[in-house]
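Student: Got a sequence here, can you build the structure:
(chains A and B)
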Amino acid sequence: MLDVRIEKGLVAEVRSSLPENGATVVDCTGLVVAPALVDLHTHLREPGREDAETIESGSRAGALGGYGALCAMANTTPVADSAAVVEQVFNIGRAVGLVDVFPVGAITVDLEGEKLAEIGEMHASKAQVNFFSDDGKCVQDSGLMRRALEYAKAFDAIIANHAEDRGLAEGGSMNEGEVSGILGIPGVPDEAEELIIARDLALTKLTGSRLHVPHVSTAGSVELIRVAKRAGVRVTAEVTPHHLSLTDTLVASFDPVFKVAPPLRTRADIEVLSAGLADGTIDCVATDHAPHAQEDKEKEFDKAPPGMLGLETALAVLITELVVPGRLTVSELVDRMSTAPARIRGLDGHGGPVAAGAPGTLVVFDLEARWVVEPARLASLSDNTPFAGRELQGKVVHTMLRGKFTVRDGEVVHGQG
Amino acid sequence: MIKHLLSIRDLDADGIERVLQSSQFFRDNMGRKFPTLRLKTVVNFFYEASTRTRTSFELAAKRLSADVLNFAAGGSSVEKGESLKDTAQTIEAMGVDCIIARHSSAGAPNRLAEWVSASVINAGDGMHEHPTQALLDLFTIRRHFPSFEGLRVAIVGDVVHSRVARSDVLGLQTMGADVTICAPPTLLPPGVETWGANVTTELDPLLPELDVCYLLRMQLERQKRGYVPSLREYARIWGLDRRRAALLPERSLIMHPGPMNRGVEIAADVAEFPRSVITDQVTNGIAVRQALLYLMLGGPEAKEEVPDTV
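Tutor: Here you go, the predicted model:
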């Protein structure tokens, strides 16, 4: 049992039985103190769809989920494909002050997959973007993808390509397989993801650049990444909590809350994804937090947009699904949710370790606490959580950003800005 | 009786048997009007064009003395952007007891059943199911064979896009029939091998053993998407022409849910063969839907007005 002393935003000391010396004492007996979580994949919807989420509401959700940093995806309206938009997102994030918001720049103009966005300008901006993605859309053109990877090398930037072959995925809104065959819903086969990952790995090898594979969903993808890593390809990968815990059988309800891209796969995929996360083939967990306004999700399954909330449930889903059954240790959990994603994006000040001199950006969570997910009680402006009504184990108690509480005793602390 | 009929799975063998027995009564009394659903309101809630299913339900409801509303999405507030949920709740607010839903999206009737308190009958949802078609197909077969047990039925054609096929395979298997699915590989659904039916791409070897040869409508727009190279080729390899029809045993039935593409999945003259029961399917559809509405909406007071033989 160790005590942590925080001074002027930094961890000053970590050792047993520190003297109080007039400091504010927060009793964390029985709780885990770890570096705050880092999400490489968040949709904050601002600018453009502030009815679904704002940078402020998303920041609140992030802080409540134990996050100290969120990477805001580029598919906003307008698209974050210019220095102006990424700086706007960065500035609002700073003004809210509950988490550090790091914008993701688009790879191509307006996510259209036709012309490179101004990657250098976004990198040179105040937001210092070093991570680019057209997420929600896949760069289909192999020549353009090669150029993106090559060009990004000038800034040691990472290209994260949503892996989905357009022709194979066309019309599909769930996993292709036994369940889609019965439901009569056109499916997206595993190969739509795997073909693009295989191509992108080949192009990354060709260019010597850096690739990040977002939301890996199939067993075959894990194997492709494993082989590429062994061959020295500079690739990292993420998996979402929902792809580690939910299967396509849930679509039988026809409830679009279970519609996501890539789609929920099978139990066999979950086994391989979990093993891949445990052995480090998949580097980290990212939420792909994708809020949607209620009226957008309350549609026919094939007409509803894909996406699920994730920030406020991610830690508990992983504890419930992986830590409790013994598939991941607590220190591995912290690595996959904080240290690894911070390292991938090079976020100094995030990802720990909790040691003297490090920023006081911490999460304190209870491994044993059980709670039931109630959509109406989430901080997100949207309520499209696939875990509604589910009992989860593990709860965030406190979150700190540079020595200040953003969440204390499970409640957001205001006035950080 | 069940509140909603969203899938043929909602009925077990006993439930299907009950519908078929009631259907026989209404088939025997075709054209007669019953007061059973007086003061009940039924809406045909059609988000997708349909002639035979809509008119069949309309006639069935009217012959039971229900008030019938016809809602079509075309020309309605749906074109102004109103959501399915809002439209359904608006319709229900007018005091509707049963929503008969046809929609191009799989699962739309399931969603409706969550949003409204009226009974919902699935009249065809996307590529998912068409349970009343399965019931009328079972009833049509029942009129020619004493039992479904061991009956050999082939369902031929565009299975992947067919809601009729999904409901029929399930319904036939529930009643004990031996089902074979026959289609080009591009028109077989993913996971079809888990359906409990035999699966083949070859039609000719099947035919001499069949009790029922059920042809599915080849959806012409599929040709453009490259599921088959040409309709001509499809007709030559998987269409029931005169030569193939001659391979069928004397006892066997030729069925089709309609509308037919004559010359594609079925040759024009084969559709007129004495063994073809395609027009009977249409007539039987009214009786089956009467039975279903009676059983689902009739309530205890209705049972006094219809003879015990129902």
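Student: Next, the contact list for the residue in chain B positioned nearest to chain A, please.
Tutor: Of all residues in chain B, the one sitting closest to chain A is residue B:107 (2.7 Å; Cβ to the nearest Cβ). To be clear about C-beta, it is placed using only N, CA and C from the backbone, and glycine gets the same treatment. Residues in contact with residue B:107 (Cβ atoms under 8 Å, 6 or more residues apart in numbering or on different chains) are A:183, A:185, A:254, A:300, A:301, B:125, B:126, B:128.
Student: Try it again at 10 Å.
Tutor: By Cβ atoms under 10 Å, 6 or more residues apart in numbering or on different chains, the residues touching residue B:107 are A:183-185, A:251-256, A:300-302, B:6-7, B:122, B:125-126, B:128-129.
Student: PyMOL command to pick out the buried ones of those residues?
Tutor: Buried residues among those (16 or more other Cβ atoms under 10 Å in any protein chain shown), as a PyMOL selection:
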select buried, (chain A and resi 183+184+185+251+252+254+255+256+300+301+302) or (chain B and resi 6+7+122+125+126+128+129)
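Student: per-residue confidence at the residue of chain B closest to chain A?
Tutor: pLDDT recorded at residue B:107 is 98.
Student: who touches residue 90 in this structure?
Tutor: Went with chain A since none was named. By Cβ under 10 Å, 6+ apart, the contact list for residue A:90 reads A:55, A:72, A:80, A:100, A:101, A:102, A:103, A:125, A:126, A:127, A:128, A:129.
Student: Chain B, not that one
Tutor: Contacts of residue B:90 by Cβ under 10 Å, 6+ apart are B:71, B:77, B:82.
Student: Run a quick neighbour tally on residue 51.
Tutor: No chain was given, so I picked chain A. Residue A:51: 15 surrounding residues under other Cβ atoms under 10 Å in any protein chain shown.
Student: meant chain B, my bad for not saying
Tutor: Using other Cβ under 10 Å, residue B:51 has 9 other residues around it.
Student: shaky segments in chain A?
Tutor: Scanning chain A for pLDDT under 70 picks out A:415-417.
Student: From chain B, how far out is residue A:56?
Tutor: Note on residue A:56: its distance to chain B, by Cβ to the nearest Cβ, to the nearest Å, is 28 Å.
Student: my guess is that residue contacts residue A:45, does it?
Tutor: No. Using Cβ atoms under 10 Å as the test, residue A:56 is too far from residue A:45 to be in contact (11.3 Å).
Student: These two - which one has more neighbours?
Tutor: Just comparing residue A:56 and residue A:45: by other Cβ under 10 Å the higher neighbour count belongs to residue A:45, 28 against 20.
Student: Tell me the secondary structure at that one.
Tutor: coil (DSSP: H, G, I helix; E, B strand; the rest coil).
Student: Write out the residues of chain A neighbouring chain B.
Tutor: Within chain A, the positions lying close to chain B (Cβ under 10 Å from any Cβ of the partner chain) are A:170-171, A:173-187, A:189, A:251-256, A:294-296, A:298-304.
Student: show me what contacts the closest residue to chain B within the stretch 201-350 of chain A?
Tutor: Relative to chain B, the nearest point of the stretch 201-350 of chain A is residue A:254 (2.7 Å; Cβ to the nearest Cβ). Residue A:254 makes contact with A:183, A:185, A:300-302, A:304, B:6, B:105-111, B:113-114, B:125, B:128, according to Cβ under 10 Å, 6+ apart.
Student: Next: residue B:253.
Tutor: By Cβ under 10 Å, 6+ apart, residue B:253 lies in contact with B:137, B:140-141, B:143-145, B:153, B:210-214, B:273, B:275-278, B:280-281.
Student: In ChimeraX, select just the buried ones from the residues you listed.
Tutor: Here is the ChimeraX selection string for the buried members of those, based on 16+ other Cβ under 10 Å:
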select /B:137,140,141,153,210,211,212,213,214,273,275,276,277,278,280,281
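Student: Which of the contacts of residue B:253 fall in helices?
Tutor: Judged by DSSP state H, helices contain the following of those: B:137, B:140, B:141, B:278, B:280, B:281.
Student: Could you give the number of residues near residue B:68?
Tutor: If you count neighbours by other Cβ under 10 Å, residue B:68 ends up with 19.
Student: Got the phi and psi for it?
Tutor: Note on residue B:68: backbone dihedrals following degrees, to the nearest 10 are phi -120, psi 130.
Student: Report the beta-bridge partners for it.
Tutor: Counting by DSSP bridges, residue B:68 is bridged to residue B:42.
Student: any chance you could map the helices in the stretch 51-200 of chain A?
Tutor: Assigned by DSSP state H, counting those that start in this stretch, the helices in the stretch 51-200 of chain A fall at A:55-64, A:83-96, A:119-124, A:142-152, A:166-169, A:178-183, A:190-207.
Student: can you pull the contacts of the spatially closest residue to residue A:340 that is not a sequence neighbour?
Tutor: The shortest distance from residue A:340 to any non-neighbouring residue, by Cβ to Cβ, 6 or more residues apart in numbering or on different chains, is to residue A:284 (4.1 Å). Neighbouring residues of residue A:284 by Cβ under 10 Å, 6+ apart: A:38-41, A:212, A:236-239, A:277, A:335-345.
Student: what sits against residue 59?
Tutor: By default, I'm working from chain A. Going by Cβ under 10 Å, 6+ apart, residue A:59 touches A:42, A:44, A:53, A:67, A:70, A:72, A:92-93, A:95-101, A:311, A:379, A:401, A:406, A:412, A:416-417.
Student: I was thinking of chain B, sorry if that wasn't clear
Tutor: Shown in contact with residue B:59 (Cβ under 10 Å, 6+ apart): B:68, B:285, B:286, B:289, B:290.
Student: can you check residue B:97 too?
Tutor: Residue B:97 makes contact with B:37, B:39-43, B:66-67, B:117-119, B:293, B:296-297, B:299 under the criterion Cβ under 10 Å, 6+ apart.
Student: Let me know the closest of the residues you listed to residue A:268.
Tutor: Closest to residue A:268 out of the contacts of residue B:97 is residue B:119 (38.7 Å), distances taken as Cβ to Cβ.
Student: Next one: the nearest residue to that closest one once chain neighbours are set aside, what pLDDT does it get?
Tutor: Once flanking residues are discounted, residue B:119 sits nearest to residue B:98: 4.5 Å by Cβ to Cβ, 6+ apart. At residue B:98, the predicted lDDT confidence score is 97.
Student: just the strands in the stretch 101-250 of chain A please.
Tutor: For the stretch 101-250 of chain A, strands defined by DSSP state E, counting those that start in this stretch occupy the ranges A:131-133, A:158-160, A:174-175, A:187-188, A:210-213, A:235-239.
Student: hmm, back to that, what bridges to the residue nearest to residue A:340?
Tutor: As for beta bridges, residue A:284 partners with residue A:238 under DSSP bridges.
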